[in-house]
Each structure stands twice: as structure tokens, then as C-alpha cells.
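K.L.:
quick one, structure for this:
(chains A and B)
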Amino acid sequence: MSDFECRLKKFRQLKDLTQEQLAQQVGVRRETIMRLEKAQYNPSLKLAIDISRAVDAPIEEIFIFP
Amino acid sequence: MKTNKTKRTFFLGLICILLVAASSWYAVTYNDSRLVAPTDLSEYSFRMQDLPMLLSSTLLLAYFLYLVVLLIRAVIAGKRREAFTHTTRQVDPRFGLFGFFGFFGFLGFWTYSIDRTIFPFGFFIFFGFFGFFYEAKLSNTFMDERYRENRMKAHFTANRLSLAIIFLATLFLGQGRLMHNLEYTLIAYIIIVSLALALEMFLSEFLLYRYDHDEFSDESEE
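P.N.:
Next up, the predicted model:
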């Protein structure tokens, strides 16, 4: 069970990026992006920052912890 | 390894084996089986007729050393490539077939009954080579942080299980009371440790594959 909510998919689509493109930008595999979007993987701080820069959105709006 | 190099290594090995076979034949036929039959080296004195056997044995030893050097170089090159490209090594799934050598471990029961030789029980460790089937599936995979986490988790679980088995085996068999026979205890210990190490080798690859692939069902782009 995920202990956080992830809104990455929404921000990625706003930037018109595919999972593959985003994965290449932040240096991970597409499966990792997919896992992130389903909140099944808790990313490192570095990856979270890279993603936030790639989709141009603040971390706290992408990953929401209760 | 390139095909030419593989062929060269194979033919070198073949030549060494043929030379040892020829010199063994010479020793058996013309030299009273010296250095072929078990020899007490403390009472050994050199004869010119021993030269073929000595040379071929030295050549065979040099060939084994060459193989060890090749293996070490391949491992170092693999590590360098891994660090540079951040992808997993390329593994041929056919390496997994070496796992069937594990069944040679059962030969130990036969050799023990013949002349009390117990080392074949160690062959059980080859069962771990079945892990290559799973490692091959992850060949050339880009190692991102999730992959590295999964690898650590898989290795940790496999190591912990293997260590627990070895610990329990040491605890119970270390008393040397299995059937009141110390040799049986040693055999049981070799079998259990070999199988535990094989389990560790297999499980770390199997779990890594499971963590990386099977935990999610839908891999489609959304």
C-alpha cells in the first residue's frame, strides 16, 4: 500500500511528456516513472527534485504525504 | 570474449589435455606408471623418463592459471563497463544450464560408499547457477535507483535466508552427533552449506527479477 499520493501523471501530461521522455530526462527507466505515478515507489530526494524540475512543478504538489 | 579468442583458448586447453594423455600413456607404458599412480613425493627422485609427465602437468597447470587470469580480467572489465554504462552485464541464459551440474552432488553418495570420498557433495552448489536464467532476463538493463534498491533488497533477503540456514546447520551439526558418526555429520554439513549457498545465488537473481517485473501487472503507457 502506498503511503503517499502522487500527481506526477497530471503534471507530466501538462508538460506534454510521455513516460519514456520523462524517464530519459531524469535518468531512470520508464517502469520507474510508471511506478511513481501509481505511488508504488517512493523516490529518493534527488529523483524527486529532478522530476519536479522536469515537469516544472513544486515537489510538494507532485508528491503529497499525509 | 571474442570468438577467435574463445577458439584459441579452447584449442590451447585441448592441446594441454592431449599432451597430458600422451605423457600419461608414456609413463604407464615405459615408466612404471611413475607420477600417474599415487606417488610419495617425499621419496621422489628425478629420472629423465619423468620429463614428459612433468612438462605436461606444468603446462596444464599454466593453462588453468591462464583461465583464472582470463576470468579475473573478464570480471574486472565487466565491473568497469557496469560503472561506465550503468547497465547490467550481458548474460547468456545458457549459463543457467550449468545448474544441472548440481545433480552431480548426488554422486557423493556413490563415491562415499566406494572409497569414502566426500568432495562431490560440494557439487550441489551448482544448483545456484539456475539463477543465470533470471539474470539473463535482466541483461543490459539500465540500473536506475529503483533497480539498485530492488537488487539490494533481493540480495539482502537471499543472504539472510542463506545465513540463517548455515547458522542453524552449524548450531545443530556442529555438535557432531548426527547418527553418532562424525563423517555423516561432515557430509550433512557440506550438503546443507552447498545447498544454502546455491539458494543464495539463485534467490538473489530470482527475487530481483520478481521485484523488477512481477510486482505490477500493467506496464502500458498511460
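K.L.:
name the SS class of A:Pro66, please.
P.N.:
coil (DSSP: H, G, I helix; E, B strand; the rest coil).
K.L.:
wait, it sits on A:Ala39?
P.N.:
No - applying Cβ atoms under 8 Å as the test, A:Pro66 and A:Ala39 come out as separate, 11.8 Å apart. In short, each C-beta sits where N, CA and C put it, glycine included.
K.L.:
between these two, which contacts overlap?
P.N.:
Here A:Pro66 and A:Ala39 share the contacting residues A:Phe4, scored by Cβ atoms under 8 Å, 6 or more residues apart in numbering or on different chains.
K.L.:
higher neighbour count, the two?
P.N.:
A:Ala39 (17 against 5; other Cβ atoms under 10 Å in any protein chain shown).
K.L.:
and the gap between that one and chain B?
P.N.:
According to Cβ to the nearest Cβ, to the nearest Å, A:Ala39 and chain B sit 12 Å apart.
K.L.:
and that residue, what pLDDT?
P.N.:
On the pLDDT scale, A:Ala39 is placed at 90.
K.L.:
I'd assumed it was in a helix, is it?
P.N.:
No - counting by three-state DSSP, A:Ala39 is not part of a helix but coil.
K.L.:
got phi/psi on it?
P.N.:
phi 60, psi 40 (degrees, to the nearest 10).
K.L.:
right, and it touches A:Lys9 too?
P.N.:
No - contact criterion Cβ under 8 Å: A:Ala39 and A:Lys9 do not qualify, at 10.2 Å.
K.L.:
give me phi/psi at the closest residue to chain A within chain B?
P.N.:
Using Cβ to the nearest Cβ, the closest approach of chain B to chain A is made by B:Asp144 at 3.8 Å. Dihedral pair for B:Asp144: phi -90, psi -180, per degrees, to the nearest 10.
K.L.:
assign the nearest residue to it once chain neighbours are set aside to helix, strand or coil.
P.N.:
Leaving out its chain neighbours, the residue that sits closest to B:Asp144 by Cβ to Cβ, 6 or more residues apart in numbering or on different chains is A:Val28, at 3.8 Å. Classification of A:Val28 by three-state DSSP places it in coil.
K.L.:
burial of A:Val28, as a residue count?
P.N.:
Neighbours of A:Val28 using other Cβ under 10 Å come to 24.
K.L.:
list phi and psi for it.
P.N.:
phi -130, psi 180.
K.L.:
return the residues in contact with it.
P.N.:
A:47, B:142, B:144-146.
K.L.:
for the residue nearest the centre of chain B, phi and psi?
P.N.:
For chain B, B:Phe126 is the residue whose C-alpha lies nearest the centre (Cα atoms, centre = their mean; 6.2 Å). Torsion angles at B:Phe126 (phi, psi; degrees, to the nearest 10) stand at phi -60, psi -20.
K.L.:
also B:Pro38?
P.N.:
Dihedral angles (degrees, to the nearest 10) for B:Pro38: phi -50, psi 130.
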